[in-house]
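# below are the sequence and a predicted model; questions follow.
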Amino acid sequence: MFVDHIRIYAKAGKGGNGLASFRREKFVPRGGPDGGDGGDGGDVVLEVSSGVNDLRQYFFDPKLVATDGMPGMHALKHGRNGKTVVGKVPPGTIVYRSNATTMQEASWMEKEGEELQLEQIADLTEEGQTFVLCEGGKGGRGNWHFRTATDRAPTVFETGTEAQSGVFFLELRRIADAGLVGYPNAGKSSLLGALSRATPKVAAYPFTTLQPVVGVVQRDDYTRCVVADIPGIIEGASRNRGLGHEFLRHIMRCKVLLFVVDMTGLEHDPVEAIQTLRTEIKLYSEELAAHPWVIIANKMDITETAEPNLSILRQRFPKIEILPISALTGAGIDALKSRLFELA
Ligand SMILES: Nc1nc2c(ncn2[C@@H]2O[C@H](COP(=O)(O)OP(=O)(O)OP(=O)(O)O)[C@@H](O)[C@H]2O)c(=O)[nH]1
Ligand SMILES: [Mg+2]
């Protein structure tokens, strides 16, 4: 299972009330106010950890609830602070606040066909980065604070303040410089394997890749480029054919898109493949369609069919850069690598 978008409920802890009480001891007449302060409520915090791969933990338990602060006590004792809860998220998690206040309300709105309004409040990308999703309430002050020259026995105290809470939406958008887009079996995963040390599953059947994989392309000078391999996209992906087009979210951050095509033309005509893929990307997001893109002409080792197809492709897309390679033999991979570092 792979979860890349999920709705969660988060609630911080309330502040504890201050206490109004008086010191009562033998031989201490009129002991004066001694009500302690309430403790602060715990916060709900999100923390980026590369140890988590996706958002599945929130699928099983979509709640982050911190504990309340305890009330103040006699003898000026401070109530205990509530515990902060820390929810781990993978790098690349975008956080949205919704206009629903409870999960029930959110599902009800959904059922009624009413759209949840989402406002982006954070984009968590760096390892260890934290974000306070809901702030805990402050503890109230006890009556000791309210003593004055004229009122030595105040019965006033503060109540703790309310905690923040709400329904939030977490969306994972992998952090990669370049994204591979292509039909199933075009050789995207093979290419990622040839470019990086990643070992994505490669097979001769469609939809081998079921979830996004990222690989790091390293150069001798230690510069790096992160490439994302996503499941294959087919015609009608926007209508949920194949694995749908939701996975495109993972290449939204990419500076360049690499359109991988099987140049043998045995399964699909290369020109049509590019046209269909461009259409599907546009249907998903105009913003994504505006990203710079190049064509990776793969399987050039099958020369008899690939070479004539390459000439046709060049004629049809004269303005688009086309890089011929073979992910299988490694031909053209070095040239692609250097180009990748210029583009991404
Ligand atoms: N001849 C030849 N075969 C290749 C080349 N690249 C990939 N293949 C083969 O094409 C098939 C599909 O490769 P994958 O890398 O799994 O393709 P994919 O695009 O990741 O496919 P999905 O994950 O299903 O979308 C496998 O049988 C590969 O061995 C190549 O350059 N030349
Ligand atoms: Mg694959």
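Perfect, I can see it now. Ligands and ions are numbered 1, 2, ... in the order given.
# shouldn't His250 be within a helix?
Yes - if the criterion is DSSP: H, G, I helix; E, B strand; the rest coil, then His250 is within a helix.
# quick check: it touching Arg174?
Yes - contact criterion C-beta atoms under 8 Å: His250 and Arg174 qualify, at 4.3 Å. All C-beta atoms are positioned from the backbone trio N, CA, C, and that covers glycine.
# joint contacts of these two?
Pro212, Ala228 (C-beta atoms under 8 Å, 6 or more residues apart in numbering).
# check which helix or strand covers Leu76.
Following DSSP states H and E, one finds Leu76 outside all helices and strands.
# name the nearest residue to it, ignoring sequence neighbours.
Closest residue to Leu76 apart from its sequence neighbours, by C-beta to C-beta, 6 or more residues apart in numbering: Gly36 at 4.8 Å.
# can you give me the distance of the one you found to Thr159?
Per C-beta to C-beta, to the nearest Å, Gly36 is found 14 Å from Thr159.
# compare those two (neighbour count), which wins?
Neighbour count, other C-beta atoms under 10 Å: between Gly36 and Thr159, Gly36 has more, with 26 against 16.
# mind listing what the more buried one touches?
Contacts for Gly36 (C-beta under 8 Å, 6+ apart) come out as Gly18, Leu19, Gly72, Met73, His74, Ala75, Leu76, Lys77, His78, Gly79, Gly142, Trp144.
# part of a helix, is the last one?
Yes - looking at Trp144 with three-state DSSP, it is inside a helix.
# domain ranges for this structure?
The chain breaks down into these domains under automatic domain parsing: 5-172, 178-343.
# now the ones you listed as TSV including mean pLDDT?
As requested, these are arranged in TSV below (pLDDT from 0 to 100):
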stretch	mean pLDDT
domain 5-172	92
domain 178-343	92
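# closest one to ligand 1 among these?
Smallest distance to ligand 1 across the domains of the chain (C-beta to the nearest ligand atom): 2.9 Å, for domain 178-343.
# check which element follows the helix or strand where Glu280 lies along the chain.
Here Glu280 sits within helix 270-284, counting by DSSP H and E. Sequence order places helix 286-289 as the next helix or strand after helix 270-284, per DSSP H and E.
# can you tell me what sits against the helix holding Glu280?
Against helix 270-284 from outside (C-beta under 8 Å, 6+ apart): 181-183, 186, 233-238, 245, 248, 257, 259, 261-263, 288-289, 295, 297, 309, 312-313, 316-317.
# now those: which count as buried?
Buried by 16 or more other C-beta atoms under 10 Å: 181-183, 186, 233-235, 237-238, 245, 248, 257, 259, 261-263, 288, 295, 297, 309, 313, 317, out of those.
# restrict these to contacts with ligand 1.
Contacts with ligand 1 are made by Gly182, Ala186 out of the buried ones among the contacts of helix 270-284, judged by C-beta under 6 Å from any ligand atom.
# which ones among the buried ones among the contacts of helix 270-284 map onto helices?
Those of the buried ones among the contacts of helix 270-284 mapping onto helices are Leu288, Asn309, Leu313, per DSSP state H.
# out of those residues, who's nearest Gly31?
Leu288 (70.6 Å; C-beta to C-beta).
# re the thing from before, dump the ones in helices among the buried ones among the contacts of helix 270-284 to CSV, plus distance to Lys11.
Shown next, in CSV, are those (distance: C-beta to C-beta, whole Å):
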residue, distance to Lys11
Leu288, 35
Asn309, 58
Leu313, 55
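# now the helices: where do they sit in the stretch 101-250 of the chain?
Using DSSP state H, counting those that start in this stretch, the helices of the stretch 101-250 of the chain run over 103-111, 188-195.
# which residues of this structure lie near ligand 1?
Counting by C-beta under 6 Å from any ligand atom, the chain sits next to ligand 1 at 182, 184-190, 202-204, 206-209, 231-232, 298-299, 301-302, 326-328.
# buried subset of those, written for ChimeraX?
Selection of buried members from the residues of the chain next to ligand 1 for ChimeraX, criterion 16+ other C-beta under 10 Å:
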select :182,184,185,186,187,188,189,190,202,206,208,209,231,232,298,299,302,326,327,328
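# quick revisit: in strands, which of the buried ones among the contacts of helix 270-284 appear?
Val181, Gly182, Leu257, Phe259, Val261, Asp262, Ile295, Ala297 (DSSP state E).
# for the third one, give me its contacts.
Taking C-beta under 8 Å, 6+ apart as the contact definition, Leu257 lies against Ala178, Gly179, Val181, Ile251, Ile281, Leu288, His291, Pro292, Trp293, Val294.
# and Gln120, what does it touch?
Gln120 neighbours (C-beta under 8 Å, 6+ apart): Ile94, Val95, Tyr96.
# got the residues you listed as CSV, with neighbour count, secondary structure and distance to Gly51 columns?
CSV is the format used below for the contacts of Gln120 (neighbours: other C-beta atoms under 10 Å; DSSP: H, G, I helix; E, B strand; the rest coil; distance: C-beta to C-beta, whole Å):
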residue, neighbour count, secondary structure, distance to Gly51
Ile94, 21, strand, 19
Val95, 21, strand, 19
Tyr96, 18, strand, 23
